[in-house]
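# what follows is a predicted structure for the sequence shown.
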Amino acid sequence: MIHLSNVSRHFRRGPDVIKALDRVTLEIQAGRFVALMGPSGSGKSTLLNILSGIDRADEGEVEVAGQRLTGLSEDELAVWRARHVGLVFQFYNLMPVLSACENVELPLLLTDLSRPERRRRAELALEVVGLMRERFEHLPGALSGGEQQRVAIARAIVTDPDLIVADEPTGDLDARSADQVLALLSELNREFEKTIVLVTHDPRALRWVQAIYHLDKGSLLEGVEATRATQAVEQTLGVPPRSAAR
Amino acid sequence: MSRAIPLSYTLRSVFQRRTRTALTVAVMALVVLAVTVMLSLVSGIRRTLVETGEADNLIVMRKGATNDGSSMVPIEAYRAVRYFPGIAADPVTGEPLVSPEMVVQPFFYRQDGGRENVLVRGVRPVAFAVHRKVRLVEGRAPRSSSGEAVVGRAVAARYPGLRIGAEMRFGRRAWKVVGILEAGGSSFESEVWVDVNDLWSDANRALYSGLRLTVAADADAAALARRVAADARWALEAKPEIEYYREQADSANFLFSLTVALGVIMGIGASFGAMNTMFAAVRSRVAEIGTLRALGFSRRSILASFLAEALVIALAGCVVGVVLAVGATLAINAALLGVAINLMTFTTATVQLRVSAGNALFALCFSVLLGFAGGFLPASRAARLSPAEALRRRA
Amino acid sequence: MGYLTLVRRNLRRNRLRTALTAASITLSIFLVCAVLSLPSGFTAIHDRLAAGTRFLVHNKAGITYLMPYGSLQQIRAVPGGTAATSFSRFGGVYDEPKNLFPNFSVDAETVGDIWPDFQISPQAIADFRRYRDAALVGYQTMRTFHWKVGDRVTLRSTVWPVQLDFRIVGELPEPHGNPMWFLFSRTYLEEAVRAKGLSAEQAGMIWVRVADPADVPPVMRRIDDLFRNSDAETASETEKSFFESFMSSLSGLTNVILAVGFLVVVAVVFITANTCSMAIRERAAEIAMLKALGFRRSVILGLLLAETLALAIGGGAVGAFGAYGVLKLLAALGATGARPGLGPLSMFLVTPWHVVEGIGLSLLVGVVAGVFPSWGAARKPVAEALREVF
């Protein structure tokens, strides 16, 4: 599903060049539910952006869902994203002027579907994420954080993408809502066989994901270091993880 | 006891959103520019005409005539008026200072092919003594029955070929330019002066359009005017030159009303634009307002601070606008010697534009008004925010 | 839900700002429409009045150079002409000097032939010939002074030392007649002037009528040839060209007014661009998210531009139609003569074409104001946009 080899990404900050990613090689099989973890500035969001086609690598090869992303133009990437990737953000990023259902419908504007069909699929997606029907016509401002993130997840799955990427989806939620959102993502992974990549600080995610990749200073941790990092997360959680990492 | 928010804080806020501030200043500046240029034209017309008159001169015309282009005064009337008491005498010749004049409006053809009427004044040598502002900057006065012409500075500027020695055609013959006249920017500079005998034969009629006379220093101008009007044979009337030209300047009144209407409508539009900017400024600084209020600044000082911001923007616009207006008027004057307008005589006169202190003051008051109009509602919204609410709405 | 839903909802998001911006566009387009209609109002009036088979002859030297009255007889003899009349300014004022309006002496028997298009009633034409003190008066002037047919009025000339009593025998009727003119017989003037020991045996202008529009140029040429190298050379021209040269002498003023109109448009472009860029800045996160979802740059640009264009055209249409309505109303008020104080304000003449121009102009305003901020927002790479907002 996801093949990254020797991917680097640099940013220029004033006179300095910062290596956000330094020759990262990563392979994620289709149907996996994995987490990217690491301290701030470790490059995990940059990695997520590159494998979802939002950002482009300066060096290395990126191939996702059978498409070589290196060399695609900004617009070609946009078309590819619309078809193959569903995105979930920390702050939901719903359009405040559109109702819950309309927000979910938004990415379907990029398809050839008819207006009633778009509507039908949007409602279906909202049912999948478990939003109560009477909330469908509410504006985002009238929904709780958990509900808004459900709407955002519905928006991510409504185009039936191969890959769902989520950047800190529980970062702004209370514990209960965060658990529900993780459970929902896990369900999407199991029942609809979506490949899901999660960037998170939230140790609770360990209970749901099948693997954790640790990043530090732009590099993937491997071997002993990776195991130690996972154990450190497990300790903060204080509860044995539901599924084993790696 | 409320503390005022320092002006430096306001100024820094103005510069924080550069694009937004710059666009708003530009809008204000354009409005001020438009209004100021129009006003400089209005006051230019008034000045050009009013300065044409001499304080102690009277103009004699057919009763009811609004300008000497549409009046007729028979030669006999001139001969009679000339010896009325109370008229000043020429210090050199001792002759009465009465200038009989005939005006016609022949076609002049511009280089661009357009046609306009230029006021041609047939005069006798005494005219140069009666019109004391008129000076020959080059050359000399036309001699009698010589086909010679003196060209006003503004006419010479509009028709580049008109230099001393050049031949010009108007009316039914050719004329030779022998002088260039200047008259302090007044409408005489937009005229061509020739000998009246020449003009009579060219226009094929021997009568005057009007008389100009200088009242003796110790004489009663009103009594002299009554004396002129009293003679029923000629149906004449006399009025002070100043008053006559002030009436001519009434044609600028419409332009002034137009400018005011334009200024009001443009001003409302511009203050709406400023209001948008100020509402956005308030919105983006809700947290700051909350903090300031929490620190103990009063509603009034918040209001004053935002109003000051609007006024700073308006004043900047005013300064830029007036500077642009001065530049524009100087450029127009340099290129064209002013704006060619049509007088009541249907002749073309060149009006010099000058942004006067009065125009600049008007622009200043106008901008302050715009600043208040645009700033008051947003500023009072900012002042009404309670500190708790302001801090809460931060997110 | 479609793209339009998004545009519409976004416009309604900050109603106050949308309203203020639209209002300033409305006011500017109103102004520009009014300003544009001023010069074309004059032209339109004259296009309407100009008849294809009529032209005028004046002294080649200028309008205030007169022609001998005898020229009229010579012009009447020119082949191709069907009627001709002298037309001389009387400069008469009614009551007080400010009541100045155009009044002319004419050859009474020719009025019906020269101006058939005025549609003067046959009775009025007959009476005009019959009574030596008869006058025909434009409908506008009748209303201004509250005159009616049968009234006796006195005008004092500012040209001649005379004052004449007239009886109004008819009007130059709406809508085809000249609204302002006051016409009377030159023989009546001649009598009065002669009593003062003067002579009015001159003509200011001469109107000539021909049978067919195609005859106009050859007859004009024949007349000018006839008087070439005489004491009073003539220049014949059509009403339209006469008026156009009058308008060209006003060009200084109209240029200033047009320049101001241009400034108004630039100002409103700035106001609109400001609104557009404020809206875009506030929505940076949403725009970044739309990009991330896979909306291409052209779609984002289209959405943002559509919003500004809708605002501009909405505001502009109100302004253009408003100008049309208000100026039509002013013209109607001016035409009734009930409000003589309106003066030149009733001279604006807006046509539906001005409304089209106004809306076209607001479209331009929207494009120019919207394209820079929108293109900047649309062009920004999605990763950069996301980094800036999160």
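Perfect, I can see it now.

# close to chain A: what parts of chain C are there?
C:1-3, C:5-6, C:9-10, C:12-13, C:285-286, C:289-298, C:381-383, C:386, C:390 (C-beta under 8 Å from any C-beta of the partner chain). C-beta: built from backbone N, CA, C; applies to glycine.

# rerun that using 10 Å as the cut-off
When proximity is defined as C-beta under 10 Å from any C-beta of the partner chain, chain C approaches chain A at C:1-3, C:5-13, C:283, C:285-286, C:288-300, C:379-387, C:389-390.

# can you turn the buried part of the residues you listed into a PyMOL selection?
Those of the residues of chain C next to chain A that count as buried under 16 or more other C-beta atoms under 10 Å in any protein chain shown are selected in PyMOL with:
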select buried, chain C and resi 1+5+6+7+9+10+11+283+285+286+288+289+290+291+292+293+294+295+296+297+299+300+380+382+383+385+386
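
# narrow the residues of chain C next to chain A to those in helices?
Among the residues of chain C next to chain A, the members found in helices (DSSP state H) are C:3, C:5-13, C:285-286, C:288-293, C:297-300, C:379, C:382-387, C:389.

# confirm for me that residue C:119 is in contact with residue C:172.
Yes: counting by C-beta atoms under 10 Å, residue C:119 does reach residue C:172; the two are 8.8 Å apart.

# more crowded one of those two?
More crowded of residue C:119 and residue C:172, by other C-beta atoms under 10 Å in any protein chain shown: residue C:172, with 25 against 12.

# pLDDT score for that one?
For residue C:172, the pLDDT comes out at 92.

# which residues belonging to the host helix or strand of residue B:253 are considered buried?
Using DSSP states H and E, residue B:253 sits in helix B:251-284. Neighbour-count burial for helix B:251-284 flags B:252, B:255-256, B:258-259, B:262-263, B:265-267, B:269-284 (criterion: 16+ other C-beta under 10 Å).

# so what's the closest residue to chain C within chain A up against?
Closest to chain C within chain A is residue A:82: 2.6 Å, counting by C-beta to the nearest C-beta. By C-beta atoms under 10 Å, 6 or more residues apart in numbering or on different chains, residue A:82 lies in contact with A:53, A:107-111, A:159, A:161, C:292-296.

# okay, and it sits in which element?
helix A:74-84.

# pull out the buried residues from that helix.
For helix A:74-84, by 16+ other C-beta under 10 Å, it's A:77, A:78, A:79, A:80, A:81, A:82, A:83, A:84.

# ok, the fourth one to residue B:143 distance?
Translated: residue A:80. Look at residue A:80 and residue B:143: by C-beta to C-beta, to the nearest Å, they are 93 Å apart.

# can I see the domain layout of chain C?
Partitioning chain C according to automatic domain parsing yields domains covering residues C:3-47+C:250-389, C:61-232.

# what distance separates stretch A:204-222 from the middle of the whole chain?
14 Å (C-alpha atoms, centre = their mean, to the nearest Å).

# for chain A, just list every one of the strands.
Shown for chain A, the strands assigned by DSSP state E span residues A:2-13, A:16-28, A:33-37, A:59-64, A:67-68, A:85-88, A:163-167, A:195-199, A:211-216, A:219-220.

# out of the ones you listed, the one nearest residue B:159 is which?
strand A:2-13 (64.1 Å; C-beta to C-beta).

# tell me which residue of the stretch 251-390 of chain C lies closest to chain A.
residue C:294 (2.6 Å).

# contact partners for that residue?
Contacts of residue C:294 by C-beta under 10 Å, 6+ apart are A:53-54, A:75, A:77-85, A:87, A:107, A:109-110, A:159, A:161, C:382.

# check the burial of the residue lying closest to residue C:89 once chain neighbours are set aside by counting its neighbours.
Once flanking residues are discounted, residue C:89 sits nearest to residue C:204: 5.2 Å by C-beta to C-beta, 6 or more residues apart in numbering or on different chains. Residues lying near residue C:204 (other C-beta under 10 Å) number 19.

# and the closest residue to chain A within the stretch 101-250 of chain B, what are its phi and psi?
Residue of the stretch 101-250 of chain B nearest chain A, by C-beta to the nearest C-beta: residue B:112 (51.9 Å). When read as degrees, to the nearest 10, the backbone of residue B:112 gives phi -80, psi 10.

# excluding its backbone neighbours, what's nearest residue B:219?
Nearest one to residue B:219, counting by C-beta to C-beta, 6+ apart, is residue B:86 at 3.3 Å.

# does the one you found touch residue B:218 like I think?
Yes: if you go by C-beta under 10 Å, residue B:86 and residue B:218 touch, sitting 8.5 Å apart.

# higher neighbour count, the two?
Neighbours were counted for residue B:86 and for residue B:218 using other C-beta under 10 Å; residue B:86 has more, 17 against 7.

# what about the helices in chain B?
Under the criterion DSSP H, chain B contains helices at B:7-16, B:18-50, B:75-82, B:127-130, B:153-158, B:196-203, B:221-230, B:241-248, B:251-284, B:286-294, B:299-336, B:357-384, B:387-392.

# repeat that for the stretch 151-300 of chain C.
Assigned by DSSP state H, counting those that start in this stretch, the stretch 151-300 of chain C shows helices spanning C:186-195, C:216-227, C:239-248, C:251-282, C:284-293, C:297-336.

# in JSON lines, list these along with distance to residue C:30.
Shown next, in JSON lines, are those (distance: least, C-beta to C-beta, whole Å):
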{"stretch": "helix C:186-195", "distance to residue C:30": "47"}
{"stretch": "helix C:216-227", "distance to residue C:30": "40"}
{"stretch": "helix C:239-248", "distance to residue C:30": "24"}
{"stretch": "helix C:251-282", "distance to residue C:30": "10"}
{"stretch": "helix C:284-293", "distance to residue C:30": "33"}
{"stretch": "helix C:297-336", "distance to residue C:30": "4"}
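
# mean pLDDT lowest for which of those?
helix C:239-248 (a mean of 74).

# quick one: contacts for residue A:5?
A:23, A:24, A:25, A:26, A:27, A:57, A:60, A:61, A:62, A:63 are the contacts of residue A:5 under C-beta under 10 Å, 6+ apart.

# in stretch B:193-203, what counts as buried?
Counting neighbours by 16+ other C-beta under 10 Å, stretch B:193-203 gives B:193, B:194, B:195, B:196, B:198, B:199, B:200, B:202, B:203 as buried.

# and those as JSON lines, adding distance to chain A?
Converted to JSON lines, those look like this (distance: C-beta to the nearest C-beta, whole Å):
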{"residue": "B:193", "distance to chain A": "73"}
{"residue": "B:194", "distance to chain A": "76"}
{"residue": "B:195", "distance to chain A": "81"}
{"residue": "B:196", "distance to chain A": "80"}
{"residue": "B:198", "distance to chain A": "80"}
{"residue": "B:199", "distance to chain A": "77"}
{"residue": "B:200", "distance to chain A": "82"}
{"residue": "B:202", "distance to chain A": "77"}
{"residue": "B:203", "distance to chain A": "76"}
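
# out of the residues you listed, which one sits closest to residue C:276?
residue B:193 (58.4 Å).
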